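Generate coordinates for the sequence data below:
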Amino acid sequence: MQNAIKSPISFTGVGLHTGAPVRMTVRPASADYGIWFKRTDLISGDPMVPAIWSAVVPSRLCTLVANASGTSVSTIEHIMAALAGCGIHNALIEIDGPEVPILDGSAMPFVEGILARGVRMLAVPVRAFRVLGPVEVREGESVARLDPATTLEIDFRIDFADRAIGRQAKALNMANGAFVRELCASRTFCRQSDVDAMRANGLALGGTLDNAVVVDGDIVLSPGGFRQADEAVRHKMLDALGDLALAGAPILGRYTGIRAGHALTNRLLRKLFADPEAYRLTEVAPDERATLPGIGVHRADLPAWS
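Okay, here's the model as predicted:
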């Protein structure tokens, strides 16, 4: 069965790049509604923006969706990952600004809110995109790839010159609450030199050491350091789940990311859906449903970090 949250949940914070205060409310939605954003601050134009791969437009350092009238919402990857990781298929997200609040830089505050409200099952079967053959996109040394698999699996590898991050790799089967237990608390990270460059170009205006892990060479500048030694690659996996959620339905396949980012994952989805032989939209059988991300997740699965 498809899922929605039982009652609305609101979040307040600032946008990572704009630094502007924003309030966002995730509301229940009916079966087959999908995920939509609604800009409540606009007085003209179409306020509704679909959270779908075909609505993604190029943006630096985050995932941004826009509709035909130009209304946009940016930095959506963490809330999308939280919804997918909690098994939420339908939601209306009202937001009074152009950017989702960054909160602590992870998806955990969103997950905590969703699980506190509870999940409501809808009397409509879940459909998923089953990957039938390999699909791959490359850009320089970066690779994003999908291969057939019975469940959603994510395999990610990163390599940074900064010794505080270095080379990291991790692979997870996303069934049985793996996202909530293993990934949702991992925070966005960046290098101090990148922060300086972004601010010089009017970006990262809301970034602080409390909502991002900032490194400089072999030094972690953020108080307390990393939550886990491989928090950086875990966050890249979190981002990948959020970007894959823009498929519009769960994906049954193995995603491999090598130095991949938001834009490359979106290119991968575009290539997948451009080839009807590469995938099939199928109703998820009852025994398969238990392997989807978010099915059977409980608040006890949340990690200890606050």
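
which secondary structure element contains residue 137?
strand 135-139 (DSSP states H and E).

Give the pairing partners of that strand; include direction for each.
strand 142-147 (antiparallel) (DSSP bridges).

looking only at pLDDT, what's the mean for the strand it pairs with?
Averaging pLDDT along strand 142-147 gives 98.

in the next helix or strand after that strand, what counts as buried?
Under the assignment DSSP H and E, the closest C-terminal helix or strand after strand 142-147 is strand 153-159. By neighbour count on 16 or more other CB atoms under 10 Å, the buried set for strand 153-159 is 153-158. For every residue, glycine as well, the C-beta is placed using N, CA and C.

Equivalent analysis for stretch 189-196, please.
In stretch 189-196, counting by 16+ other CB under 10 Å, buried: 189-191, 195.

got it, and stretch 9-21?
9, 11, 13-19.

What of stretch 141-156?
Counting neighbours by 16+ other CB under 10 Å, the buried set in stretch 141-156 is 143-147, 151-156.

among the residues you listed, which two are most distant?
Across the buried residues of stretch 141-156, no pair lies farther apart than 143 and 151, at 21.3 Å, counting by CB to CB.

so the closest residue to residue 162 other than its chain neighbours bridges to which residues?
Nearest non-adjacent residue to residue 162, counting by CB to CB, 6 or more residues apart in numbering: residue 215, 5.1 Å away. With DSSP bridges applied, residue 215 shows beta-bridge pairing to residue 191, residue 220.

pretty sure residue 215 is touching residue 166, no?
No. Residue 215 lies out of contact with residue 166 (CB atoms under 8 Å); the separation is 10.2 Å.

Have a look at the two and say which one is more surrounded.
Counted by other CB atoms under 10 Å, residue 215 and residue 166 do not tie: residue 215 has more neighbours, with 24 against 13.

ok, the more buried one to residue 274 distance?
37 Å (CB to CB, to the nearest Å).

Show the low-confidence segments of the chain, by residue range.
203-205, 305-306 (pLDDT under 70).

Which residue lies nearest the spatial centre of it?
Compute the mean C-alpha point of the chain, and by CA atoms, centre = their mean the closest residue is residue 242, 2.1 Å away.

Can you report phi and psi for that one?
phi -60, psi -40 (degrees, to the nearest 10).

do the same with residue 282
According to degrees, to the nearest 10, residue 282 has phi -140, psi 150.

is it in a bridge, and if so with what?
Bridge pairing for residue 282 - DSSP bridges - gives residue 128.

Now for it: which residues touch it?
Residues in contact with residue 282 (CB atoms under 8 Å, 6 or more residues apart in numbering) are 127-130.

Closest one of those residues to residue 25?
residue 127 (26.8 Å).

That closest one and residue 285: what is the separation?
11 Å.

next one: residue 218
Counting by CB to CB - residue 218 and residue 285 are separated by 49 Å.

now do residue 72
37 Å.

Straight-line length of stretch 207-224, end to end?
By CA to CA, to the nearest Å, the extent of stretch 207-224 from end to end equals 17 Å.

now do stretch 262-282
End-to-end for stretch 262-282, by CA to CA: 26 Å.

and it, how far from the chain's centre?
17 Å (CA atoms, centre = their mean, to the nearest Å).

ok, now stretch 189-203?
That offset, for stretch 189-203, works out to 21 Å (CA atoms, centre = their mean).

For it, list the C-alpha coordinates in CSV.
Taking Å, rounded to 0.1, in the frame of the first residue of the first chain, the C-alpha atoms of stretch 189-203 are listed here in CSV:
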residue,chain,number,x,y,z
PHE,A,189,30.0,18.8,4.3
CYS,A,190,32.3,21.2,2.4
ARG,A,191,35.8,22.6,2.4
GLN,A,192,36.5,26.0,3.9
SER,A,193,37.9,27.2,0.5
ASP,A,194,34.6,26.2,-1.1
VAL,A,195,32.7,28.2,1.5
ASP,A,196,34.8,31.2,0.9
ALA,A,197,34.2,30.9,-2.9
MET,A,198,30.5,30.4,-2.5
ARG,A,199,30.0,33.4,-0.2
ALA,A,200,32.0,35.5,-2.7
ASN,A,201,29.4,34.5,-5.2
GLY,A,202,26.4,35.1,-3.0
LEU,A,203,25.9,31.5,-2.0
